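*Asks:* Next comes the sequence, and after it the predicted model I'd like to discuss.
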Amino acid sequence: MSRTDNVSHGRIGRRAYLSGLGAAGIGTFAGCVGDLEGDEEEFPAQDIEMICPWDAGGGTDQTGRQLADLGEDHLDTSLYVSNQTGGSGSVGFNEIANAEPDGHTVGVTTVEICTISHLGIAEVNHEDLDAVMQYNFDPASLTVHEDAPYGSLEEFVDYAEENPGEISVSNSGTGAIWHLSAAGFAQEAGIELDHVGYDGGEPATQAVVSGEVQATTASAAEVAPQVQDGPLEILSVFGEEPVNIFPDVPTLPDQGYDFVMGAWRGLTVPSGTSEDRIGTLEDAFTQVYESEEFQSFMEERGFGLVYRDAEEFGEFMDSEYDRFGEVIDELGLAGSEGDG
């Protein structure tokens, strides 16, 4: 039932009841209604917790904290981010889904909400949450250490063909989008890679810097500091177009591979949260999204800007859930619970 339907039915019931009352009865009833309306809790009535299912320092954490900082001015309350990690995002997603649906818990939700149930990692999925707003899309990138024996995508593929399974590729968790991106590319290129999961993009990137693994498929934004001022280099991005911060890095389609995959981020609340409160959050965070400060933050750090309102984001998650169900099945990962 929609919010309009709720309001409409409520008015009909109230008129029917009042029609049976005399003038004195109406006065008494109106007084009671006034008392009830005065007792109704305003929103927000307390601090708002923003749950991030990934480690501090990663792209989801960075963007979530920026939304929280700027959102305080629009919601007139304090917002704080708590990182609740593990299980390829499922720990945090479950915390969001199981929270009181009163609008005071908001999830910084990623594409994995549409993948992990297909993978058999957890039962939680997008239907356990209500959409507020999408604010981001980032293609995966294939990033290696500058001292690696391959300096181009072609050399990377050649090496992998000659040394099956010897290249370890880090990702942000089993079933996470960067895992699916690497596995999907490996299938497209006909190579065998060893996939190693970490709790977030930051530790996955550091694993390449330290030499624990040979490559990572995090977003360009997440590896940017180590590419611009460190020992890493990007061989390709998995999008239709180059990313703004690395315009000279070729895409997979540019290099002959018909494969595109990436991550998205948005805000959600527990399923059952009232439409009025979702609307309040949507309005506030839309203003944040449109602000010059947030736009500059995202662009300077290389995070892709894509906006969908609550209704559009909900429909998008439905379609993504179906899409990744097919992708995971094609990769032979359906129902798996491996460790990378």
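*Replies:* Now that the structure is in, tell me what you want to look at. Numbers count the residues shown, from 1 in each chain.

*Asks:* what's the burial count for I234?
*Replies:* 21 (other Cβ atoms under 10 Å). Where C-beta positions appear, they are placed from N, C-alpha and C, glycine not excepted.

*Asks:* wait, I meant T63
*Replies:* Using other Cβ under 10 Å: T63 sits among 22 other residues.

*Asks:* Same question for D69.
*Replies:* Neighbour count for D69, taken as other Cβ under 10 Å: 16.

*Asks:* Just give the nearest non-adjacent residue to it, would you?
*Replies:* Spatially, and ignoring its direct neighbours in sequence, D69 is nearest to L79 (7.6 Å; Cβ to Cβ, 6 or more residues apart in numbering).

*Asks:* do the same with T216
*Replies:* S170 (4.4 Å).

*Asks:* low-scoring stretches of this protein, by residue?
*Replies:* Scanning the chain for pLDDT under 70 picks out 1-40, 336-340.

*Asks:* For it, which segments count as helices?
*Replies:* Using DSSP state H, the helices found in the chain span residues 3-19, 23-39, 59-75, 90-98, 116-119, 153-162, 177-189, 201-210, 220-228, 275-290, 292-300, 310-330.

*Asks:* The third one packs against which elements?
*Replies:* When contacts are defined as 3 or more Cβ pairs under 8 Å, 6 or more residues apart in numbering; DSSP states H and E, helix 59-75 sits against strand 48-52, strand 79-83, strand 105-110, strand 129-139, helix 201-210, strand 262-270, helix 275-290, helix 292-300.

*Asks:* Compare the ones you listed and report which one is nearest to E161.
*Replies:* helix 201-210 (20.9 Å; Cβ to Cβ).

*Asks:* Name the residues that touch stretch 173-181?
*Replies:* The contact list for stretch 173-181 (Cβ atoms under 8 Å, 6 or more residues apart in numbering) reads 87-89, 110-112, 115-116, 119, 121, 140, 171-172, 195, 197-201, 204, 216-219, 238, 261-263, 324, 327-328, 331, 333, 337-340.

*Asks:* Can you select the buried ones among the residues you listed for me in PyMOL?
*Replies:* Those of those that count as buried under 16 or more other Cβ atoms under 10 Å are selected in PyMOL with:
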select buried, resi 87+88+89+110+111+112+115+116+119+121+140+171+172+195+197+198+199+200+201+204+216+217+218+219+238+261+262+263+324+327+328+331+333+340
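
*Asks:* can you tell me the distance between the two ends of stretch 304-316?
*Replies:* With Cα to Cα, to the nearest Å as the measure, stretch 304-316 spans 17 Å from end to end.

*Asks:* Sort out which residues of that stretch are buried, please.
*Replies:* Under the neighbour-count criterion of 16+ other Cβ under 10 Å, stretch 304-316 has 304, 308, 310, 313-314, 316 buried.

*Asks:* which one of those is nearest T105?
*Replies:* Closest to T105, out of all of the buried residues of stretch 304-316 and judged by Cβ to Cβ, is A310, at 16.1 Å.

*Asks:* My guess is the closest one contacts D283. True?
*Replies:* No. Using Cβ atoms under 8 Å, A310 makes no contact with D283, being 9.9 Å away.

*Asks:* ok, what's across the strand from the closest residue to G239 other than its chain neighbours?
*Replies:* Among residues not flanking G239 along the chain, P139 sits closest, at 3.0 Å (Cβ to Cβ, 6+ apart). Beta bridges link P139 to G262, judged by DSSP bridges.

*Asks:* so P139 makes contact with I234?
*Replies:* No. If you go by Cβ under 8 Å, P139 and I234 don't touch, sitting 11.0 Å apart.

*Asks:* ok, G256 - how many residues close by?
*Replies:* Around G256 there are 9 other residues, counting by other Cβ under 10 Å.

*Asks:* what does E146 give?
*Replies:* E146: 11 surrounding residues under other Cβ under 10 Å.

*Asks:* That one: what's it in contact with?
*Replies:* With Cβ under 8 Å, 6+ apart, E146 has these contacts: 231-233.

*Asks:* let's see 6 Å
*Replies:* When contacts are counted by Cβ atoms under 6 Å, 6 or more residues apart in numbering, E146 touches 231, 233.

*Asks:* No further questions, thank you.
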